[in-house]
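>>> Here is a sequence with its predicted model. Questions after.
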Protein chains: 2
Amino acid sequence: MALQSAATRDSRTAAQGPARFYNPCEACAVRGAGICAPLEPQELERLSAIAGRSRLGAEQVVFCEGDPADTVFAVTEGTVRLSKMLLDGRRQITGFLSPGGFLGIAYSDTYSYSAEAVTSLALCRFPRRQLEGLIVELPGLERRLLSMAFDEIKAAQDQMVLLGCKSAEEKLATFLWQWCLKAGRRERSDCVIDLPMNRTDIADYLGLTTETVSRTFSRFAKEGILALPSTHDVILRRPERLKEMASGEF
Amino acid sequence: MALQSAATRDSRTAAQGPARFYNPCEACAVRGAGICAPLEPQELERLSAIAGRSRLGAEQVVFCEGDPADTVFAVTEGTVRLSKMLLDGRRQITGFLSPGGFLGIAYSDTYSYSAEAVTSLALCRFPRRQLEGLIVELPGLERRLLSMAFDEIKAAQDQMVLLGCKSAEEKLATFLWQWCLKAGRRERSDCVIDLPMNRTDIADYLGLTTETVSRTFSRFAKEGILALPSTHDVILRRPERLKEMASGEF
DNA sequence: CGCGCGTTTGAATGTTTTCAATCTTCGTGG
DNA sequence: CCACGAAGATTGAAAACATTCAAACGCGCG
């Protein structure tokens, strides 16, 4: 379903003058965060022209590993999980995407991983072919894509360190600390974070079982490092302890 | 030390005529594999103009995590290992690079990981600034970089699956099978592979200890899956068994 | 030939997993 | 509005896999 209908677009056109169309991207909540960031208004309009918008409910599938990769997405609201599965059902979550995140590009003609909605989502859709055409024309877009790819590589490397080197405790501490930073609540000593995903998602992201994740949460709570008002809300009472446990990194 | 000295270049110039300079990239063993692949001869010359060449002995450091990232490298001979360390010395090897591989780009103003020579190396060096300038001018270069970044992301995701989901046995089987594919010996039933790295490197790549790697090698040998003429040479006697154990992937 | 380092092998330990049961939460329907 | 049922989360106990500690082996180099 279109988030921004043609009708809405037309009504704004009239208000802004005859030659100028209303561009929903300009009012986008993640304008400045996603791929759109480096684009000039007229370039943004080109991008907007090929963009569709859609909403998905929680747990719905955006795309599956192996599907023909004909669409690229940008997250504007909600949280997406990216995952890969083994034949016997074991799953590795390779990342969580927040608004501004970009998914589906980068890959052959089929998606190399699956993407699902953790929460309800708002997405921008770009037909892959058209986006690729636009990349050729707009150097800013390609530069931005490269920069986002580099960030993704860096994040993936950090995750490899986590998966390969760290203990359960260190893994969860790292995860919570990073989520805390991402939420931008680093200033307050009492950092309240919302974890949209469930324990299984966290486990599959950290290479643990739900039981181990749960036990580790409980231990942290018992030690006064955090409090758990509900399963999805965490209050970091001693974020500095968490940071210590998480760290180890250069 | 320069692999191709200015003197050598001059002598060839004379041999080829007054207006044309000898371009060592044209004779490069990895021409067609690395970033140079998509470049036209004249573009290649631009790239060649900013390239330096050097050799390193085994175990020498190419660069360290945290060093100012002013140079980008391309591997022309040998194997490089990329790694990240925790403060207490635990190490995760994030990848091994073979000829055609590219390292050092992608990152802020400091390297986000370390790179060391597994074997003796031959490298091309590109001053980062100049390469970035060239990227702006040569769209093929940027396209290629993006494509290589995407491949790297894909590989990183596979490695996350390995680290997060797989057993020691599956990890080693995956590693050997991939190395076998990379060496291009997939046709023969008896696939002989050369592992330039030592057991510790393999362990740190797979998120295991050297002991576990060694034990798993021994078990594979006892089961007739492979033979170990020496620690660095592996004969895959039943590669299909290895592939089965490795797989699990879609 | 002997030393040193990397590898292999063995035994004990431990962290995480597995299996199982209970508790909690939340949505649905009576 | 409350009761019920299902799914997720927590907790406990037992088991397993990989690690740790320790010793022996083997290979290459001086």
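Arrived safely, thanks for sending.

>>> State the phi and psi torsions of the closest residue in space to A:Ser108 that isn't next to it in sequence.
Using CB to CB, 6 or more residues apart in numbering or on different chains and skipping the chain neighbours, the partner closest in space to A:Ser108 is A:Ala69 (7.0 Å). Placement of C-beta: from N, CA and C, glycine included. Note on A:Ala69: its backbone torsions stand at phi -90, psi 70 [degrees, to the nearest 10].

>>> all strands of chain A, in order?
Applying DSSP state E to chain A gives strands spanning A:52-56, A:61-63, A:71-77, A:80-85, A:91-97, A:102-103, A:114-117, A:121-127, A:191-194, A:226-230, A:233-236.

>>> circling back: would you mind measuring from the residue nearest to A:Ser108 to DNA strand C?
A:Ala69 sits at a distance of 31 Å from DNA strand C (criterion: CB to the nearest atom of the strand, to the nearest Å).

>>> pLDDT at that residue, what is it?
pLDDT recorded at A:Ala69 is 95.

>>> what's around it, how many residues?
A:Ala69: 17 surrounding residues under other CB atoms under 10 Å in any protein chain shown.

>>> just A:Phe63 next, same as before
By other CB under 10 Å, 19 other residues sit near A:Phe63.

>>> thought it was touching A:Thr71?
Yes - taking CB atoms under 8 Å as the definition, A:Phe63 is a contact partner of A:Thr71 at 7.4 Å.

>>> anything in contact with each of those two?
Both A:Phe63 and A:Thr71 are contacted by A:Gly104, under the criterion CB atoms under 8 Å, 6 or more residues apart in numbering or on different chains.

>>> closest to DNA strand C out of the strands of chain A?
The closest of the strands of chain A to DNA strand C is strand A:226-230. By CB to the nearest atom of the strand, the value is 5.5 Å.

>>> Pairing partners for that closest one, with directions?
Applying DSSP bridges, strand A:226-230 is found paired with strand A:233-236 (antiparallel).

>>> Touching the partner strand from outside, list them.
In contact with strand A:233-236 (CB under 8 Å, 6+ apart) are residues A:176, A:180, A:190-195, A:225-229, A:242.

>>> go on, stretch A:118-129?
Contacts of stretch A:118-129 (CB under 8 Å, 6+ apart): A:3, A:28, A:47, A:50-60, A:62, A:69-81, A:96, A:104-105, A:196-197, A:201.

>>> Can I get that stretch in PDB, CA atoms only?
Extracted in PDB, the C-alpha atoms of stretch A:118-129 (Å, rounded to 0.1, in the frame of the first residue of the first chain):
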ATOM      1  CA  VAL A 118      10.900  -6.900  13.700                       C
ATOM      2  CA  THR A 119       8.300  -4.200  14.300                       C
ATOM      3  CA  SER A 120       5.800  -2.700  11.800                       C
ATOM      4  CA  LEU A 121       7.700  -0.900   9.100                       C
ATOM      5  CA  ALA A 122       7.600   1.900   6.600                       C
ATOM      6  CA  LEU A 123       9.900   1.300   3.600                       C
ATOM      7  CA  CYS A 124      10.900   3.100   0.400                       C
ATOM      8  CA  ARG A 125      11.100   0.800  -2.500                       C
ATOM      9  CA  PHE A 126      13.400   1.300  -5.500                       C
ATOM     10  CA  PRO A 127      13.300  -0.800  -8.600                       C
ATOM     11  CA  ARG A 128      16.800  -2.200  -8.800                       C
ATOM     12  CA  ARG A 129      17.200  -1.500 -12.500                       C
END
